[in-house]
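[1] I would like to see how this sequence folds:
(2 chains)
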Amino acid sequence: MNILFVMERRVNAGSIQALANYMRVSKEFGYAIALYGPPDPRFREIECSIDAAAFDYVIFIFESKLNWPSGLQLAHLLTTVPRSRRVILDADGMFNPIVSLDGYDRNHASEGDRQHWLAAYAALADRVVQPSLWPCDPRVQPLLFYGYDPAACTRQANGKRVDIMHVAHNWWRWRDVSERLLPAMERVRGDLGKISFVGLWWDRPPAWAADIGQQEAFCVDPGRFRDLQIEVRPAVPYREVIATMSTARVNIMTQRPLFRRLGLVTSKYFELFAADTIPLVLLEPAHAELIYGPAGREVALSDDIGGKLIDALEHPKKYRDVVHAIRQHLTAHHSYKRRLQELIVTLDHVDGQAASAK
Amino acid sequence: MKLLFVSKLTRSARAISTIAQYSRAAREMGHEVAIFGEKQLDFPELEFSLKVGGFDVAVFVVYMPSDFPDLPYLARLLDGMPKGRRVIIDCTGRYNETIRVEHDFNHLEKMDGHQGWEWIEAFQSVADRILQPTLAPRRDDVQSFLFHGYDPSGVARGDVSAAQAARRWSDTRRYGAAYVGHNWQRWTQMRRFLEAIAPMRERLGMTTLVGWDWKRRPDWAVELGIKGADVDPELLERFGVETRDPIPFSEVRSFLGAARFSPIFQRPLFNELGLASNRIFETFLADTVPLVMVPDALATAICGPAVRPLVCGTDIAQRLEEVLRNPEPYWDAVVRVREHLATHHSYRQRLTELVALLER
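    Numbering: from 1, shown residues only, chains lettered A, B, ... in the order given. Predicted structure coming up:
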């Protein structure tokens, strides 16, 4: 089977890391997977193709921006690829009722906005898949999509230069960071070494935040970081994420509240466990167990976050065993090989459904 | 015929003036013109529609990638209108091999991220017929269709003889020269023009430039290393040139009428490909003396031989001196060109050509 992905090309965000993994494992199965468009020096290992007609399926990956595809590209794709061979991956849960959490994070600003998204999806394809642990809309097909690459696990020979690291962009994360993480860190700051936040917009919101009406999404107070002597570092390209995480003893994963509510999985869920670090995830234990297996509860940050950070730093052996168990679980249940097979089954299944319907 | 135009509209750029004229001419001639999309309150003179099935043809008017609608509209449009009933009017020569003239290109990859092949593939995917507003398309699969046209009923104070017009023109005007158009690939020509008229600017009166990015080179052009929006603010200040923000298309004619002269510049790419823009036709509607700065062959082919006295070569200042000294022959040329444009390039005629072409 040949699959062409159409997505916004971002070197330090989105689904590019997953795509690189799908390409890697697809070769073992004799499938062809490519990214639509001309080759791009920023994505050396990514196969690119402009021959949309040569693929069995075209999967459009939508995140939080609807109109990233250029009209030129869309015009070509829509006229070259029949609707029955187009599929949407709804990575950010836009294909849902409005979910607004405490008036803070949300998938849509208004019902009109939501209807516009739904109309766009309906115009583009019949099928929507979501990387959700618990899809809310019965029309959605669940497909976790993102996965784990056991071969990517690294051992960092050199000593760690950072105690606590957080690799992610400041996109709807400030509330969790400012209300849960930073106060916990403050309580135990004297027992922690260097803390690093790596990613975009931790130093200041982007200039265009107001233009898109989403100032809250980028809210940040650099003074809080200064007070706690937390360093802020720029985002790293997708292929350096695991190596960067591996420079820290402990890595914390936070997720925007909307994603937690919708059970959406991202690349970060799995990259974290490929790094040579102790991962701690800001999820409820039950949520962590659902994806990481029973040992996942041990890495969940819910109560006493400060105590957990100290415990991880002081008892690395205990956590190494937990990480080992989780890696085994991820290899068994969430490897990219498995994910590719699920993807193929999903595509075949929907094709079969369409044939039956006819 | 029911024509559904597809284009991104703005009141001060691209094809808005032309599309508004098609809408007017269609009403007069029993055709129907609407713009594809939701109703836009900024354009009360235009009809909008999303009912693709109610139209005979979709006419894509393309300058830039965003002239193709966003989702969901593009998908609905392509689903609802068969390819054989879609046509593209390629206003800037995108549907060609990549062409560079000075620092002007037909494929602006640095700006929009699209290489030449993408334009070719997209156009071929969308429509069976591609039209270009040039008399001499370079590709065999492109048809010539000038698209832009002339509205004889829109001539400002056109009911007078050349002698009367010349007398009236000699009265005081607010501006010596006015150019309405954006600073996009025009600075080389504009600079030459301003330097040429600088010695006579006291007598001529103030020059004004109206449009985007005349005040300074925009940041995006600096960041992307694009020279197409170059400008020299010091030179403008030294020559006392006024710069103003863009004005709506409906105000262009009257604004130009406040100036003695109005130069007609086109992008180097347009001159190379023989592409006509709306400005060639529109300037002849205004109560001003057009200074035609496009190549003589293109000017003559569109405006007729009477345009020659108005075509400026390298002797810009000398030509202006002559016009100021003895305006009547030049106004005679203006009147004759207007007659030629009314006969050969009216919007009624253009719409008739388009309908005939689409019925073929």
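
[2] who touches the lowest-mean-pLDDT helix or strand in chain B?
    One helix or strand of chain B scores below all others by mean pLDDT, DSSP states H and E: helix B:109-112, with a mean of 89. If you take C-beta atoms under 8 Å, 6 or more residues apart in numbering or on different chains as the criterion, helix B:109-112 is touched by A:70, B:64-65, B:115, B:224-226. Placement of C-beta: from N, CA and C, glycine included.

[3] pick out the most distant pair among the residues you listed.
    A:70 and B:225 (21.3 Å; C-beta to C-beta).

[4] so which of these two has more stuff around it?
    residue A:70 (18 against 7; other C-beta atoms under 10 Å in any protein chain shown).

[5] just confirm the more buried one contacts residue B:65, I think it does.
    Yes: if you go by C-beta atoms under 8 Å, residue A:70 and residue B:65 touch, sitting 4.9 Å apart.

[6] what do the two both touch?
    Contacts common to residue A:70 and residue B:65, judged by C-beta under 8 Å, 6+ apart, are B:112, B:114.

[7] for the residue in the stretch 1-150 of chain A positioned nearest to chain B, list the residues it contacts.
    Closest to chain B within the stretch 1-150 of chain A is residue A:71: 2.6 Å, counting by C-beta to the nearest C-beta. The neighbours of residue A:71, taking C-beta under 8 Å, 6+ apart as the test, are B:65-70, B:74, B:122.

[8] what's the distance between it and residue B:214?
    Look at residue A:71 and residue B:214: by C-beta to C-beta, to the nearest Å, they are 29 Å apart.

[9] do the same with residue A:92
    Distance from residue A:92 to residue B:214, by C-beta to C-beta: 41 Å.

[10] and what of residue A:47?
    Distance from residue A:47 to residue B:214, by C-beta to C-beta: 46 Å.

[11] over to residue B:200?
    Taken as C-beta to C-beta, the span from residue B:200 to residue B:214 is 21 Å.

[12] identify each buried residue in the biggest helix by length in chain B, please.
    For chain B, the helix with the greatest residue count under DSSP state H is helix B:328-344. Residues B:328, B:330-338, B:340-342 are the ones in helix B:328-344 that count as buried (16 or more other C-beta atoms under 10 Å in any protein chain shown).

[13] for the spatially most central residue of chain A, give me its contacts.
    Nearest residue to the geometric centre of chain A (C-alpha atoms, centre = their mean): residue A:266, 2.4 Å. For residue A:266, the contact set (C-beta under 8 Å, 6+ apart) comprises A:91, A:131, A:146, A:255, A:259.

[14] spatially nearest residue to the second one (excluding sequence neighbours)?
    The spatial neighbour of residue A:131 that comes closest, neighbours along the chain excluded (C-beta to C-beta, 6 or more residues apart in numbering or on different chains), is residue A:145 at 4.2 Å.

[15] before we move on, what about residue A:96?
    The nearest residue in space to residue A:96 (C-beta to C-beta, 6+ apart) is residue A:136, at 5.3 Å.

[16] name the helices or strands packed onto the longest helix of chain B?
    On a contact count with 3 or more C-beta pairs under 8 Å, 6 or more residues apart in numbering or on different chains; DSSP states H and E, helix B:328-344 meets helix B:162-169, strand B:289-292, helix B:296-303.

[17] ok, then the element right after that helix?
    helix B:347-359 (DSSP states H and E).

[18] and that following helix, what does it pack against?
    So helix B:347-359, by 3+ C-beta pairs under 8 Å, 6+ apart, packs with helix B:16-29, strand B:129-132.

[19] with just CA atoms, put it into CSV.
    The C-alpha coordinates for helix B:347-359 follow below in CSV (Å, rounded to 0.1, in the frame of the first residue of the first chain):
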residue,chain,number,x,y,z
TYR,B,347,-16.3,45.8,-21.2
ARG,B,348,-19.3,44.9,-23.3
GLN,B,349,-17.0,43.7,-26.0
ARG,B,350,-14.8,41.9,-23.6
LEU,B,351,-17.7,40.1,-22.0
THR,B,352,-19.0,39.2,-25.5
GLU,B,353,-15.5,37.8,-26.3
LEU,B,354,-15.4,35.8,-23.1
VAL,B,355,-18.9,34.3,-23.6
ALA,B,356,-18.0,33.4,-27.2
LEU,B,357,-14.8,31.8,-26.0
LEU,B,358,-16.6,29.8,-23.3
GLU,B,359,-19.3,28.6,-25.7
